[in-house]
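Engineer: Fold the following for me, if possible:
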Amino acid sequence: ELAKCQTQHKNGYLSAFPQELFDRLRDGVNVWAPFYTIHKIMAGHLDMYTLAGNQQALETVEKVARWVQNWSDPLSEQQMQRVLLVEYGGMGEVLANLYGVTGNPEYLKLARRFDKKNFFDPLAGHRDELKGLHVNTHVPQVIAAARLYELTGDKRYWNIADYFWDEVTSQRSYCTGGTSNFEAWRSDPGVLSTELSMDTAEDCCVYNMMKLTRHLFGWSPQARYMDYYERVLFNHRMGTIDPETGTTVYYLPLGNGYSKIYAKPFDSFWCCSGTCAEEFAKLTDTIYFHDQNSIFVNLYVASEVNWAEKGIRIIQQTSFPEEQGTTLLVSATKPVDIDMNLRVPYWAKSGDVKVNGRPVPAFANPSSYLILRGPWKSGDRIE
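Structural biologist: Numbering: from 1, shown residues only. Next up is the predicted model:
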């Protein structure tokens, strides 16, 4: 049906609002965030192709990309940088992903046109000039930088993503891991006592920080990334949904005496409603990671993982955080020689591990991984 709408336009455009909004954006006339919506439409179609194999969805998103290219090509670099002052979501990321899928260099070139220089340049130089910025406008731009590093190897993009993550998680995040107040960074680094209100920690910001964290962990599997991820997952994300209705909050207020305000099932649908729904569909994708010869147990969540290429299945049994500890049960068609990397959280000051009932005479430091060597066979039990 969306493809039918696109066909009516005859130029690849696809949106629920008229192209006139982009005329206003180009001319510097007040307009709010048309590219933000275009990104969501493109990302949804690309997901339908990559996750569900829908070929028509790829054709549709490529037509939108060509419309974006035709719209932006006549703009000078100065004009494009002015366009980027208006929130544009993850346009850089979805175009980079489209390049990754198709190999078409035009999409890579187009993705780089969405690099906002006055935001990226300080980050590349390891300078925190985040004060005053609208948070959820900018985190998706860093995710785009992370993806561009993965696709091009350009170390500048790595620098941007790495420094930004360190700075936000260490200097601009609350105890829950959430960030932003009234949707912005309004203080100097490390100053949060003045930033408590009904409108702290917008959900979309945390969703995007978790997304960025997955990229960084994929480059360098350090426990500190998953320490942050766990903190945000249990203290923010899981606390944003109303278990009775399934609706979500826009903010997670942290000031004294404030309460959560949930959406109404039929009367409100916020940007955070969409990102929450997407995040809850992605809760399983970070519990385990693997490289060629090892599996990383990052989160202690009741779950099952099947590593088909290695012929091994692991069932994790726990009700953490209601109980301390977890149990991993191994099932394998034949003995499998891989390492089990168990994250020892930053908050775990002591601990012990048993393999098949026998204590392991070692433990790892907090915020690191305890590595248990294989081979593993069916019936093996790690506690």
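
Engineer: name the element H39 belongs to?
Structural biologist: helix 34-52 (DSSP states H and E).

Engineer: helix or strand right after that helix?
Structural biologist: helix 55-72.

Engineer: ranges for the helices of the protein?
Structural biologist: 2-9, 20-27, 34-52, 55-72, 77-83, 91-102, 105-112, 117-124, 135-152, 155-171, 203-219, 223-235, 271-280 (DSSP state H).

Engineer: hang on, isn't W270 packed against Y250?
Structural biologist: Yes: W270 lies in contact with Y250 (Cβ atoms under 8 Å); the separation is 5.1 Å. Yep, even glycine has a C-beta here, placed from its N, CA and C like the rest.

Engineer: which residues of the protein score low on pLDDT?
Structural biologist: For the chain, applying pLDDT under 70 flags no range at all.

Engineer: what about 90?
Structural biologist: 237-248, 254-260, 264-285, 349-351, 362-364 (pLDDT under 90).

Engineer: most centrally placed residue in it?
Structural biologist: K211 (1.1 Å; Cα atoms, centre = their mean).

Engineer: Hmm, I143 and it touching each other?
Structural biologist: Yes: assessed by Cβ under 8 Å, K211 is found in contact with I143 at 5.7 Å.

Engineer: Mutual contacts of those two, please.
Structural biologist: Counting by Cβ atoms under 8 Å, 6 or more residues apart in numbering, K211 and I143 have no contacts in common.

Engineer: thinking again about what came up before, mind checking which of W270 and Y250 has more residues around it?
Structural biologist: Ranked by neighbour count (other Cβ atoms under 10 Å), W270 and Y250 place Y250 first, with 22 against 16.

Engineer: Pop out the phi and psi values for the more buried one.
Structural biologist: Main-chain torsions, Y250, degrees, to the nearest 10: phi -90, psi -40.

Engineer: Now do it against V191, distance only.
Structural biologist: Per Cβ to Cβ, to the nearest Å, Y250 is found 24 Å from V191.

Engineer: again with I295
Structural biologist: 40 Å.

Engineer: Likewise for A65?
Structural biologist: With Cβ to Cβ as the criterion, A65 and V191 are 41 Å apart.

Engineer: Test my guess that R186 contacts L192.
Structural biologist: No: using Cβ under 8 Å, R186 makes no contact with L192, being 10.1 Å away.

Engineer: Pull the CA coordinates from stretch 201-217 and hand them back as CSV.
Structural biologist: Coordinates of each C-alpha in stretch 201-217 appear next as CSV, following Å, rounded to 0.1, in the frame of the first residue of the first chain:
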residue,chain,number,x,y,z
ALA,A,201,15.7,11.2,31.0
GLU,A,202,13.6,11.1,27.8
ASP,A,203,13.1,7.6,26.6
CYS,A,204,14.2,8.0,23.0
CYS,A,205,17.6,9.2,24.2
VAL,A,206,18.1,6.0,26.3
TYR,A,207,16.9,3.8,23.4
ASN,A,208,19.5,5.4,21.1
MET,A,209,22.3,5.2,23.8
MET,A,210,21.6,1.5,24.1
LYS,A,211,21.8,1.2,20.3
LEU,A,212,25.1,3.0,20.2
THR,A,213,26.4,0.8,23.1
ARG,A,214,25.8,-2.3,21.0
HIS,A,215,28.0,-0.9,18.2
LEU,A,216,30.9,-0.1,20.6
PHE,A,217,30.7,-3.5,22.3
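
Engineer: one step back: would you turn the helices of the chain into a markdown table with distance to N356?
Structural biologist: A markdown table is the format used below for the helices of the chain (distance: least, Cβ to Cβ, whole Å):
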| stretch | distance to N356 |
| --- | --- |
| helix 2-9 | 54 |
| helix 20-27 | 63 |
| helix 34-52 | 38 |
| helix 55-72 | 48 |
| helix 77-83 | 61 |
| helix 91-102 | 43 |
| helix 105-112 | 50 |
| helix 117-124 | 48 |
| helix 135-152 | 39 |
| helix 155-171 | 38 |
| helix 203-219 | 30 |
| helix 223-235 | 25 |
| helix 271-280 | 35 |
